[in-house]
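Novice: Sequence unavailable; structure follows:
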C-alpha cells in the first residue's frame, strides 16, 4: 500500500502559497491529509485542494504535530520561529524564504542542478532565490559540459517577486499615471526602507536593502547562492559571480541577461545543443523568426526558457544568453514541490536524529 503523507503549507494564502497548493495537486506526492497554515487574520478562510474546501488554520508550533512534510513561504521571521518547531515534531521542511539558505546545515537545492544534496538534509531544505534558480538551471548544463569560469548577470525582475501586494501597487500606479494623478508608492523598492518609488513606467535598480560594497542583499544572494548550489561553498573562488538586480514593471516573470565565460570555447550551436536536452530548459532561439523568451509567454509554466545565445565578439570563450522563468512557479512554488517529490521518491521524508538541536 502506498504511503500517504500529511503535508502542511505555511503561508498558504500568499502568492507563492496558493501556487504551492496548485503544484502539490499536480505532483506525484500521495497526499493523505493537508493543513493550510497562515496568520491569525486568515483563519477560517476556505481554499481548495483537490476539489475539497479546506479551512485555513493559524500557524503555531503544534500545527506540525503529525505532519510529514512542510512547504513554507510565509516570510523569513516566521520560518525562523516555526520551522525548528516543525523539525522537532518530526516534519521535513522545504523553506522558500532566505532565512536558512546560507546555513551550513541546510542544503540549498535546485533539483535539476544538485538534487543529491538532499541526501544529507537535517530536516530543513532551502529553496533558493527565484532569480538564482532560473540562472543555475540554464548554466549548470554548460558548466558540466564546457566548464564555467565567470558569470555576470543583470536581472529584470517582476513586481511579483515582492508579493501580491507589489503587483497590486504596480497596477494602481499605472492607472494613476494614466489618469494624470501622482503615483503613490508605498512598497517598492523595499517596504521597510526609508524611501519608496513607483515601479509603473519606471525601473528600480534596488531589490532588497543595500549591504557590503554597495551591493544589495538580492545581489549578494545571487552571488553566494550560485556558488553554494554549483560548488557546495558560498565563498568558492572557482567561479566568479557578480550581479546587478533591477525591478521592472512586469507583474510576473523574471528576465536575466547572463554573460558567462567557459573553460573551453564551444560554438553557440554547441551550447544550444547542450541546453536543448537539459532538464527543465526550453530553448527559444531563432533570431530570423524573432523567437526568444518573454515573461508573458513564460507565465504559468514550470520551465526555464533560454534564448539569444551568442558568442561575445570581443572576448573569445565568453557568451551571452537571455533567461526567463515564472518567478512564482519555477522560482518558488514548483521548485519547492519538486524538492518534496524527490524527498518522497528517495524515501528521505524523515528527520535524522539530533537534527532539531542544529536549529535551536
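Specialist: Good, I have the coordinates. Everything quoted here is computed from the prediction, not taken from an experiment.
Novice: Tell me how many other residues surround residue 314.
Specialist: Residues lying near residue 314 (other CB atoms under 10 Å) number 6. C-beta coordinates here come from the backbone N, C-alpha and C atoms, glycine included.
Novice: Look up the closest residue to residue 72, ignoring the ones flanking it.
Specialist: Nearest in space to residue 72, with sequence neighbours left out and distances taken as CB to CB, 6 or more residues apart in numbering, is residue 10 at 4.0 Å.
Novice: so where does residue 66 fall, helix or strand?
Specialist: If you go by DSSP states H and E, residue 66 is not part of any helix or strand.
Novice: now it: how far from residue 8?
Specialist: Separation of residue 66 from residue 8 (CB to CB, to the nearest Å): 10 Å.
Novice: Who has more neighbours out of the two?
Specialist: Neighbours were counted for residue 66 and for residue 8 using other CB under 10 Å; residue 8 has more, 25 against 13.
Novice: rounded to a whole number, what's the mean pLDDT of the host helix or strand of that one?
Specialist: Using DSSP H and E, residue 8 maps to strand 5-10. For strand 5-10, the mean per-residue pLDDT is 98.
Novice: Which secondary structure elements does that strand sit against?
Specialist: Judged by 3 or more CB pairs under 8 Å, 6 or more residues apart in numbering; DSSP states H and E, strand 5-10 is in contact with helix 15-25, strand 31-38, strand 69-72, helix 76-88.
Novice: one more time with 6 Å
Specialist: Here strand 5-10 touches strand 31-38, strand 69-72, going by 3 or more CB pairs under 6 Å, 6 or more residues apart in numbering; DSSP states H and E.
Novice: Could you list the domains of this structure?
Specialist: Structurally, the chain divides into domains by automatic domain parsing as follows: 5-128+333-359, 132-327.
Novice: Ends of the last one, what's the gap?
Specialist: Across domain 132-327, the straight-line distance between its terminal residues is 10 Å, by CA to CA, to the nearest Å.
Novice: ok, so what distance separates residue 112 from residue 97?
Specialist: Distance, residue 112 to residue 97, using CB to CB: 21 Å.
Novice: still on that earlier bit, parallel or antiparallel, which strands does the strand holding residue 8 pair with?
Specialist: strand 31-38 (parallel), strand 69-72 (parallel) (DSSP bridges).
Novice: what sits up against that strand?
Specialist: 17, 20, 31, 33-37, 59, 66-72, 74 (CB atoms under 6 Å, 6 or more residues apart in numbering).
Novice: buried subset of the residues you listed?
Specialist: Applying 16 or more other CB atoms under 10 Å to the contacts of strand 5-10, the neighbour count classes 17, 20, 31, 34-37, 59, 67-72, 74 as buried.
Novice: of all the residues you listed, which comes closest to residue 233?
Specialist: Proximity of the buried ones among the contacts of strand 5-10 to residue 233, judged by CB to CB, is greatest for residue 72, which lies at 25.1 Å.
Novice: In this structure residue 312 contacts residue 265, no?
Specialist: No: Residue 312 is not in contact with residue 265 according to CB atoms under 6 Å; the separation is 11.0 Å.
Novice: Look at residue 240 and say how many residues are nearby.
Specialist: Using other CB under 10 Å, residue 240 is surrounded by 14 other residues.
Novice: That one pairs with what?
Specialist: Bridge pairing for residue 240 (DSSP bridges) gives the partners residue 150.
Novice: thought it was touching residue 150?
Specialist: Yes: contact criterion CB under 6 Å: residue 240 and residue 150 qualify, at 4.3 Å.
Novice: roughly how far apart are residue 292 and residue 170?
Specialist: In this view, residue 292 and residue 170 are 24 Å apart by CB to CB.
Novice: The two: which is more packed in?
Specialist: Neighbours were counted for residue 292 and for residue 170 using other CB under 10 Å; residue 170 has more, 27 against 17.
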